[in-house]
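Visitor: starting from these lines, generate the structure:
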Amino acid sequence: MEFVIEHTWDSNLVTHDPVKVRFSPGDGGMKMEVSAPFFNDPPGPPGPSGHPFPRLWDYEVVESFFLDSTTEKYLEVEVCPHGQHLVLLLSGRGQAFQQGLPLVFTACVTAGRWIGEALLPWRYFPPNVNKMNSYAIHGSGKGRTYEALYPVPTEDLVEGQKPNFHLLEYFQDFRLQSIMGEGWIQPESDLWTGKC
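Guide: Numbers count the residues shown, from 1 in each chain. Next up is the predicted model:
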């Protein structure tokens, strides 16, 4: 299942070849593959490739969020063309209770594009995922660009509004079974037990 990020967060069309995010079955989880233009702006984070990096959202990243809209529990996965990643578990809008979880992730840059592949373990997903959104960020200063698979509709924008990727009301329907098969049952996760 492939998704194409064709708009900025505020519903304008992107002016470059769009970012693509693909989900498919993986061994013990869901595979997330990214194909995106490589802007190299800002420069890569000062941390080792293949490791979590705090505040990765300040760099060039692609992010996917997986939400249970009835409880506002969600998984946020950020990946970077330089090989760093950041996984957050959130319970309530913008309320992370775990971050920096390990992730098998590789990235490579070739011919002005970057390709990344991550395996998202099932234990990272909250129960009953039913919505998702994906984002891409690049650029520095006034050239910072925030893109969204499901952007804020033009008619909902208010003067002075800034990009916010935790506007859960704009996430759209998503079922893990559409990737894994209709008979598939999501494994239970110890990471979410007892989280309000």
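
Visitor: find the centremost residue of this protein, please.
Guide: Closest residue to the average C-alpha location of the chain: residue 64 at 1.7 Å, with CA atoms, centre = their mean.

Visitor: hmm, who's touching stretch 133-146?
Guide: Contacts to stretch 133-146, defined as CB atoms under 8 Å, 6 or more residues apart in numbering, come from residues 3, 5, 8-9, 14, 19, 21, 36, 39, 41-42, 57, 59-65, 67, 147-150, 163, 165, 170-172. Where C-beta positions appear, they are placed from N, C-alpha and C, glycine not excepted.

Visitor: at 7 Å what do you get?
Guide: Residues outside stretch 133-146 that contact it (CB atoms under 7 Å, 6 or more residues apart in numbering) are 3, 5, 8-9, 19, 21, 36, 39, 41-42, 57, 60-65, 147-150, 163, 165, 170-172.

Visitor: cool, stretch 160-170 as well?
Guide: Contacts for stretch 160-170 (CB under 7 Å, 6+ apart): 9, 63, 67, 69, 72, 93, 94, 133, 135, 146, 150, 152.

Visitor: quick one: secondary structure of the residue of the chain most remote from its centre?
Guide: The centre of the chain is farthest from one residue, residue 159, which by CA atoms, centre = their mean lies 26.3 Å away. When classified by DSSP: H, G, I helix; E, B strand; the rest coil, residue 159 comes out as coil.

Visitor: how much space separates it from residue 10?
Guide: 12 Å (CB to CB, to the nearest Å).

Visitor: doesn't residue 40 make contact with residue 114?
Guide: No - using CB atoms under 7 Å, residue 114 is not in contact with residue 40; the gap is 9.2 Å.

Visitor: that older thread, and the contacts of stretch 133-146, which of them are in helices?
Guide: Cross-referencing the contacts of stretch 133-146 against helices under DSSP state H gives no overlap.

Visitor: and the residues you listed, which are buried?
Guide: Of the members of the contacts of stretch 133-146, the ones counted as buried by neighbours, 16 or more other CB atoms under 10 Å, are 3, 5, 8-9, 19, 21, 36, 39, 57, 60-65, 147-150, 163, 165, 170-171.
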